[in-house]
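Enquirer: please find the sequence and the predicted model below.
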Amino acid sequence: QVPLVESGGGLVQAGGSLRLSCASSGRTLNNYAVGWFRQAPGKERDFVAAWRGGRTYYADSVKGRFTISRDNAKNTVLLQMNGLKPEDTAVYYCAAKEGYGAYNSRPAYDYWGQGTQVTVSS
């Protein structure tokens, strides 16, 4: 098991910024691919960004606005979100998987956090 805990969500105005954090107390995240997904009410859980082996991957909708990074000292993965839009409103989930590839595929991830709410007001 890879316990994951997200934090950093909240309410922000359009154009603002938030930084989400994904922490694991039980496993070293450096050994996994870590992704962020989001789910808006009534919609599918969609890929946002992923980190694996120093490489990063992004959904087209967030490229240039969001940045995923890893803090090895704290065993966390961060998602810096700038230029937030109302359509970014969703519950954001951190996930981890072993192996390589399929970073934007929700079924490929084995471990999930409970999610953190991000609300962007217009």
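Expert: Sure thing, it's come through.

Enquirer: now D88: phi and psi?
Expert: phi -80, psi -10 (degrees, to the nearest 10).

Enquirer: give me the nearest residue to it, chain neighbours excluded.
Expert: V120 (5.1 Å; C-beta to C-beta, 6 or more residues apart in numbering). C-betas here are computed from N, CA, C, even on glycine.

Enquirer: where's the one you found, which helix or strand?
Expert: For V120, the host element (DSSP states H and E) is strand 116-121.

Enquirer: tell me what the one residue sitting closest to the centre of the chain is bridged to.
Expert: The structure's the chain has its C-alpha centroid closest to W36; by C-alpha atoms, centre = their mean the separation is 2.4 Å. Beta-bridge partners recorded for W36 (DSSP bridges): A49, C94.

Enquirer: wait, what's in contact with it?
Expert: L20, C22, V48, A49, A50, I68, V77, L79, Y92, Y93, C94, A95 (C-beta atoms under 8 Å, 6 or more residues apart in numbering).

Enquirer: so it versus N82, what's the distance?
Expert: W36 sits 14 Å away from N82, going by C-beta to C-beta, to the nearest Å.
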